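Novice: whatever this is, show me its structure:
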Amino acid sequence: MRKISVLSILVILMSMFQSCSEKIETDLTQTAFIPKPTRVTATGDGYNLTKASLIYVQEGPAGLLSTAEFLAEKINQLTGNSAETKTTNSTPSKGVYISIAEDGELNKQGYELKINKNLISIKGADAAGCFFGLQTLLQTLPVATDNAQPLYVPTGTITDSPEYYYRGSMLDVSRHFFNVEEVKQYIDFLAMYKMNVLHLHLSDDQGWRIEIKSWPKLTEIGGQTEVGGGEGGFYTQEQYKELVQYATDRQIMIVPEIDMPGHTNAALASYAELNCDGKARELYTGTEVGFSTLCTDKEITYQFIDDVIRELAEITPGPYIHIGGDESHVTAHDDYVYFVNKVQDIVKKYDKKIIGWDEIANAKLIDDVTVQFWADVENTTMGVEKGAQVLMSPAARAYLDMQYDSTTHLGLHWAGYIEVDHGYDWDPAKLVEGITKENILGIEAPLWSETVTNIDEVEYMTFPRLPGYAEIGWTAPAERNWDEYKTRLAKHGKRFEALGIDYYKSALVPWEE
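Specialist: Next comes the predicted model:
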């Protein structure tokens with residue numbers, strides 16, 4: 001056997017030592033984060049994620065374990081290793097540690113993400129902050145790898161918190177129905193960009209989508225059609241609760257909407273007694289608006305609404321129920337005001353807060369009402385004068401169903417075309433005179449589904465605009481700039497492709513090839 005000299009052994013040992021101690025060159029500040037964080041500092045090293053076998057969770061606080069399990073699943077997908085979760089009452093020296101900050105240490109929904117060579121620490125102001133910190137961590141990583149090479153996370157510190165409490169999107173499941181798995185996909189899209197609200201438009205002229213056990217014909221009849229005459233569909237209450245839990249695990253609140261007194265033909269076709277003439281309407285599969293109304297002077301109408309709100313409130317843990325109120329063109333003004341006033345009292349009886357489209361400002365608003373601005377400045381400012389908060393969803397800026405340009409094969413353009421820059425480059429607190437940041441609950445980007453029939457079409461109209469709306473809701477206006485943002489967005493194109501998202505490849509964005 002050949003002898004190995006002492007010098008050779010020393011050379012081998014030195015090589016091994018250099019290999020083990022080799023510094024990984026990184027720069028956390030160069031990561032294309034969306035939304036843009038408040039503060040990022042880099043320390044230039046790397047944490048080897050392939051060695052992240054344990055994710056520790058602070059013992060005690062609720063809501064952290066689901067975040068840890070979510071991260072474990074992502075690590076397992078990326079590295080092929082089996083990361084496990086474990087509770088602890090002390091900060092570990094290595095691995096990943098998820099914890100809650102001391103009171104007052106961080107802003108609400110905020111987080112501090114610290115990454116060093118041995119430990120990744122995600123500290124949130126609350127459970128939501130921890131989850132949002134996790135989403136930031138995931139943006140430092142590829143969506144998928146071949147597991148052949150070590151995966152390093154750039155080291156440094158990110159301190160962050162949102163500009164607005166409410167950052168959401170609406171999915172219209174009434175014009176075209178989307179099943180449970182498709183809605184879960186949409187929830188995942190929101191979660192990726194720290195959006196925290198999914199507004200579900202559950203009823204309209206073309207379909208009623210939520211089971212109401214005391215009024216079963218709503219789904220038996222009203223749930224069986226959609227725009228164009230398709231088969232429609234609806235969610236059982238168990239399926240709805242499944243969606244609520246799926247969203248909750250991702251720190252997303254579901255806000256259900258029952259639109260009324262207009263946009264109600266599906267209900268009027270299901271129950272004759274909801275019509276003033278006592279005659280059931282024909283089911284409707286077109287796209288016109290403003291032709292339907294509940295009978296506002298019948299007592300059965302308010303019993304119907306009471307039952308619907310009661311059942312919906314029982315399965316909706318979030319604080320809000322959306323009562324619609326838009327485009328009720330055939331309801332006389334005084335009847336409309338009378339109706340909205342009565343419905344507000346019904347919602348309040350079930351301990352829920354009211355959101356309604358800006359037309360509801362014509363009523364006598366009770367406390368804690370939010371007016372959703374979509375079209376009418378006068379209505380919205382009147383709502384503010386009556387003490388309401390505002391949810392900013394300007395159709396000309398934030399409607400995801402608006403076409404990107406005249407060549408877009410999906411969508412509408414009655415509110416104008418919304419290219420990616422136009423959707424991004426606005427400040428909610430400066431858009432409408434008389435509405436300041438103090439009046440604004442948050443922002444929401446609605447996706448109406450007259451022309452959107454499947455999840456691929458949903459993706460095309462949603463991306464790449466959705467990340468921009470997320471950033472408007474999260475990042476301070478002074479830190480937002482279209483020319484800088486588009487270079488970050490360009491890097492997310494590869495993420496969209498890796499996730500199989502069918503997106504609009506805007507010529508305004510310098511996409512990476």
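Novice: so where's this protein shaky on pLDDT?
Specialist: Residue ranges of the chain with pLDDT under 70: 1-23, 147-148.
Novice: so how far is H263 from the closest residue to V289 other than its chain neighbours?
Specialist: Distances taken as Cβ to Cβ, 6 or more residues apart in numbering put E327 closest to V289, at 4.9 Å, once the chain neighbours are dropped. To be clear about C-beta, it is placed using only N, CA and C from the backbone, and glycine gets the same treatment. The spacing between E327 and H263, counted by Cβ to Cβ, to the nearest Å, is 7 Å.
Novice: and H492, by the same measure?
Specialist: H492 is 35 Å from H263, by Cβ to Cβ.
Novice: what's the end-to-end length of stretch 400-417?
Specialist: The first residue of stretch 400-417 is 10 Å away from its last residue (Cα to Cα, to the nearest Å).
Novice: show me the contact partners of it.
Specialist: With contact meaning Cβ atoms under 8 Å, 6 or more residues apart in numbering, stretch 400-417 is reached by 169, 172, 375, 395-396, 399, 418-420, 445-452, 457, 460-462, 465-466, 504, 506.
Novice: which parts of it are buried?
Specialist: Residues of stretch 400-417 classed as buried: L400, D401, M402, Q403, Y404, T408, L410, G411, A415 (neighbour count, 16 or more other Cβ atoms under 10 Å).
Novice: go on, stretch 169-185?
Specialist: Neighbour-count burial for stretch 169-185, counted by 16+ other Cβ under 10 Å, picks out 169-178, 183-185.
Novice: backbone dihedrals for T301, please?
Specialist: T301 adopts backbone torsions of phi -60, psi -40, taken as degrees, to the nearest 10.
Novice: who's in contact with it?
Specialist: L274, L294, C295.
Novice: and for the last one, the neighbour number?
Specialist: Applying the criterion other Cβ atoms under 10 Å, we find 19 residues in the vicinity of C295.
Novice: quick revisit: which of the contacts of stretch 400-417 fall within helices?
Specialist: Counting by DSSP state H, the contacts of stretch 400-417 place A395, A396, V420, E457, Y460, M461, T462, R465, L466 in helices.
Novice: which of the residues you listed lies closest to A429?
Specialist: Taking Cβ to Cβ as the measure, A429 lies nearest A396 of the ones in helices among the contacts of stretch 400-417, at 16.9 Å.
Novice: next one: the closest one relative to E450, how far apart?
Specialist: Taking Cβ to Cβ, one finds A396 at 17 Å from E450.
Novice: again with A313
Specialist: 29 Å.
Novice: repeat for P477
Specialist: Taken as Cβ to Cβ, the span from P477 to E450 is 32 Å.
Novice: of these two, who's got more company?
Specialist: Between P477 and E450, E450 has the larger neighbour count (other Cβ under 10 Å), namely 18 against 14.
Novice: with adjacent residues omitted, what lies nearest to the more buried one?
Specialist: Nearest non-adjacent residue to E450 (Cβ to Cβ, 6+ apart): T287, at 4.6 Å.
Novice: tell me the contacts of the one you found?
Specialist: Counted by Cβ under 8 Å, 6+ apart, T287 has contacts R175, V227, E450.
Novice: and the residue lying closest to the second one once chain neighbours are set aside, helix, strand or coil?
Specialist: Of all residues beyond its chain neighbours, the one nearest V227 is R175 (4.7 Å), with distances taken as Cβ to Cβ, 6+ apart. Reduced to three states with DSSP: H, G, I helix; E, B strand; the rest coil, the structure at R175 is coil.
Novice: how about R175, what does it touch?
Specialist: Neighbouring residues of R175 by Cβ under 8 Å, 6+ apart: D204, Q206, G207, E226, V227, T287, W448, S449, E450, V452.
Novice: what does I360 give?
Specialist: If you count contacts by Cβ under 8 Å, 6+ apart, I360 has them with I323, G325, V340, I354, V369, V371, G383.
Novice: and the helix or strand containing the fourth one, what does it pack onto?
Specialist: Applying DSSP states H and E as the criterion places I354 in strand 353-357. Taking 3 or more Cβ pairs under 8 Å, 6 or more residues apart in numbering; DSSP states H and E as contact, the helices and strands that strand 353-357 lies on are strand 320-324, helix 333-349, strand 370-373.
Novice: can you tell me which two in the buried residues of stretch 400-417 are farthest apart?
Specialist: Top of the distance list for the buried residues of stretch 400-417 (Cβ to Cβ): L410 and A415, 15.0 Å.
Novice: what's around the nearest residue to Y336 once chain neighbours are set aside, how many residues?
Specialist: Using Cβ to Cβ, 6+ apart and skipping the chain neighbours, the partner closest in space to Y336 is S328 (5.7 Å). Residues within reach of S328, counting by other Cβ under 10 Å, total 28.
Novice: hang on, isn't S328 packed against F291?
Specialist: No: S328 is beyond contact range of F291, at 10.0 Å (criterion: Cβ atoms under 8 Å).
Novice: bridging residues for Q58?
Specialist: Q58 has these beta-bridge partners by DSSP bridges: T88.
Novice: joint contacts of E327 and H263?
Specialist: Shared contacts of E327 and H263 (Cβ under 8 Å, 6+ apart): V289.
Novice: more neighbours: those two, which one.
Specialist: Comparing E327 with H263 by other Cβ under 10 Å, the one with more neighbours is H263, at 27 against 17.
Novice: do you know how far that one is from L106?
Specialist: For H263 relative to L106 (Cβ to Cβ), the value is 41 Å.
Novice: just M382 next, same as before
Specialist: When M382 is compared with L106 (using Cβ to Cβ), they lie 37 Å apart.
Novice: so which of these two has more stuff around it?
Specialist: Per other Cβ under 10 Å, whichever of M382 and L106 has more neighbours is L106, with 21 against 17.
Novice: and the residue nearest to T91 when sequence neighbours are not counted, how many residues sit next to it?
Specialist: Nearest residue to T91, sequence neighbours excluded (Cβ to Cβ, 6+ apart): Y97, at 6.0 Å. If you count neighbours by other Cβ under 10 Å, Y97 ends up with 22.
Novice: so which residues of the stretch 1-150 of the chain form strands?
Specialist: 39-48, 54-58, 84-88, 95-100, 111-115, 119-124 (DSSP state E, counting those that start in this stretch).
Novice: make CSV from the ones you listed and add distance to T31 to it.
Specialist: Listed next are the strands of the stretch 1-150 of the chain as CSV, based on distance: least, Cβ to Cβ, whole Å:
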stretch, distance to T31
strand 39-48, 8
strand 54-58, 21
strand 84-88, 25
strand 95-100, 18
strand 111-115, 11
strand 119-124, 14
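Novice: so for F189, which of those sits nearest?
Specialist: When the strands of the stretch 1-150 of the chain are compared by Cβ to Cβ, strand 111-115 sits nearest F189, at 20.5 Å.
Novice: so which elements touch that closest one?
Specialist: Strand 111-115 sits against strand 119-124, helix 127-138, strand 152-160, with contacts defined as 3+ Cβ pairs under 8 Å, 6+ apart.
Novice: wait, is L283 part of a strand?
Specialist: No: per three-state DSSP, L283 lies outside any strand segment and is coil.
Novice: if we can go back for a sec, and A32, which of the strands of the stretch 1-150 of the chain is closest to it?
Specialist: Nearest of the strands of the stretch 1-150 of the chain to A32, taken as Cβ to Cβ: strand 39-48 at 11.4 Å.
Novice: quick one, that closest one and strand 119-124 angle?
Specialist: Angle of strand 39-48 versus strand 119-124, following axes from the mean of the first three to the mean of the last three Cα atoms, to 10 degrees, is 140 degrees.
Novice: of all the residues in strand 39-48, which ones are buried?
Specialist: Applying 16+ other Cβ under 10 Å to strand 39-48 flags V40, A42, T43, D45, G46, Y47 as buried.
Novice: adjacent strands (with direction) for that strand?
Specialist: strand 152-160 (antiparallel).
Novice: and the angle for the strand it pairs with with strand 95-100?
Specialist: Put simply, strand 152-160 runs at 10 degrees to strand 95-100, going by the same axes, to 10 degrees.
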